[in-house]
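Undergrad: sharing a model prediction with you, sequence too.
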Amino acid sequence: MSVPAAPGDATRAAAERLLRRCDELAAVSASPDGIERVHLSAEHARVNAVAAGWLREAGLATWQDAAGNQWGRLEGAEPGLPALVLGSHLDTVPDAGRYDGILGVVTAIEVAARLAPHRAQLPFAVEVVAFGDEEGTRFGTALLGSRAVAGTWLDGWWDVADAAGTTLREASTAFGLDPAAIADAARRPEDLVGYLELHIEQGPHLEAAGRALGVVTSIAGARRFAGRVVGEARHAGGTPYAKRRDALVGAGQVVVALERLAVETGGIATVGRLQAHPGGVNVVPGLVEFSLDVRAEHDATRDDLVARIEAYARETCAARGLGFELQETHRAPGVYCDAGLTESVVAGIAATGDDDPVQLFSRAGHDAMAVAAITPVAMLFVRCEDGISHHPAEAVTLDDVGLGLDALEAAVRDLARRRSAAR
Ligand SMILES: [Zn+2]
């Protein structure tokens, strides 16, 4: 095994440009104090326009699809060939970092720019996509952009509303899109070769292994729930303990138990949002609403964890005279990366000097999960500092960005060689 010291000068210069582009996109934010860019917002339109400019500069033809995703296309040896798609997303969580999704998009654009002078040797077209909604920050429904592309859009989504009460249908129309045309965003499998996504790891495994890059074996599929613990709101002073049905105490007991149940099962469970009602300082909470996110490397493990959480919560709440309700709001099947495409990612990383790259599964969801419904997918992870993500402190190094760029380009070239040889 050999691990690369550092990328060459030309790559370092390109990596500097990629980091500057991440900074430029980070400045497009709905919040003055941090980065926030949600689906179908004015900021979404602005970053699409900026990305489209970079794509055209790189020599690609550009369009925005019916779901608000930004695309670019570089024809291969002849026009109309099926496309290898490179990309990621440009939307963010609230108070986000500047690399989650974004690094994958700017790197894909740079790879396309590097390939453009050699397009005559490409046995496929190369497309770049910047998805408009991966995180689900605005409407609570994740992967809207890539689900539209995969043709797995659900009509029920149109009536989902954001915090201000604006429905997805209204927001799409205001953005200049035609909801009736959403099916136009779907791509046909026969027009695609595959989908390759570079993304920051969002975890500490590569850093711990001392490696800049890693190959993703599979992407864990999350299940999300809206939970409710129902008790009775009463006077905080006047109600003796024997008569209290405190929904927050019950919910708290469930939240604390999650950690133990998750570790026992080998999965991951998180309550990221919890609200007590009516929310008076002198009122026993009569109702608690909370979110629950559950994931694991394998779907069976995840489902087992959900069942254990539910059983524990029902029993615990019943013992306290509380009601417990759990409604599923999102379920994504875990996705295994394609073996053939992954070989090219391994070859791409090997070209940067690491000929035995770390293999890891993704604990975080990615657009690749949705795209896998229509074409083979593979992913390459770039180390991020301390594994921090969904946070302003998200950080990558110039060298790692350069190595990721070289590896992604080499992966595409490897795939092109294999496909040319097979023809
Ligand atoms: Zn992401």
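TA: Yep, it's here.

Undergrad: which residues in the stretch 301-423 of the chain form helices?
TA: For the stretch 301-423 of the chain, the helices defined by DSSP state H, counting those that start in this stretch occupy 339-350, 367-371, 398-422.

Undergrad: tell me where the stretch 51-200 of the chain has strands.
TA: 61-64, 70-74, 83-89, 125-131, 192-200 (DSSP state E, counting those that start in this stretch).

Undergrad: sorry, back to before: nearest to the ion, of the helices of the stretch 301-423 of the chain?
TA: helix 367-371 (7.7 Å; C-beta to the ion). In this view, the C-beta of every residue, glycine as well, is placed from N, C-alpha and C.

Undergrad: please convert the helices of the stretch 301-423 of the chain to JSON lines, extending it with distance to residue 178, mean pLDDT and mean neighbour count.
TA: Below are the helices of the stretch 301-423 of the chain laid out as JSON lines (distance: least, C-beta to C-beta, whole Å; pLDDT from 0 to 100; neighbours: other C-beta atoms under 10 Å):
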{"stretch": "helix 339-350", "distance to residue 178": "33", "mean pLDDT": "98", "mean neighbour count": "21"}
{"stretch": "helix 367-371", "distance to residue 178": "21", "mean pLDDT": "96", "mean neighbour count": "28"}
{"stretch": "helix 398-422", "distance to residue 178": "33", "mean pLDDT": "97", "mean neighbour count": "21"}
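
Undergrad: tell me, how many residues neighbour the nearest residue to residue 136 once chain neighbours are set aside?
TA: Closest residue to residue 136 apart from its sequence neighbours, by C-beta to C-beta, 6 or more residues apart in numbering: residue 142 at 3.3 Å. Per other C-beta atoms under 10 Å, the neighbour tally for residue 142 reads 24.

Undergrad: and for residue 219?
TA: By the measure other C-beta under 10 Å, the count of residues near residue 219 is 27.

Undergrad: repeat that for residue 316.
TA: Each residue near residue 316 was counted by other C-beta under 10 Å, and the total is 17.

Undergrad: coming back round to it: can you redo the strands of the stretch 51-200 of the chain as TSV with mean neighbour count and mean pLDDT?
TA: Compiled in TSV, the strands of the stretch 51-200 of the chain are given as follows (neighbours: other C-beta atoms under 10 Å; pLDDT from 0 to 100):
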stretch	mean neighbour count	mean pLDDT
strand 61-64	16	98
strand 70-74	23	98
strand 83-89	27	98
strand 125-131	29	98
strand 192-200	27	98
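
Undergrad: what's the burial count for residue 386?
TA: Counted with other C-beta under 10 Å, residues neighbouring residue 386 total 12.

Undergrad: low-confidence ranges, this structure, go.
TA: Residue ranges of the chain with pLDDT under 70: 1-5.

Undergrad: three-state assignment of the residue located most distally from the centre of it?
TA: Distance from the C-alpha centroid of the chain, by C-alpha atoms, centre = their mean, peaks at residue 238 (48.3 Å). With DSSP: H, G, I helix; E, B strand; the rest coil as the basis, residue 238 sits in coil.

Undergrad: tell me how far it lies from the ion.
TA: According to C-beta to the ion, to the nearest Å, residue 238 and the ion sit 49 Å apart.

Undergrad: re earlier: contacts only, for the residue nearest to residue 136.
TA: Shown in contact with residue 142 (C-beta atoms under 8 Å, 6 or more residues apart in numbering): 133-136, 330, 332, 365.

Undergrad: before I go, just wanted to say thanks for your time.
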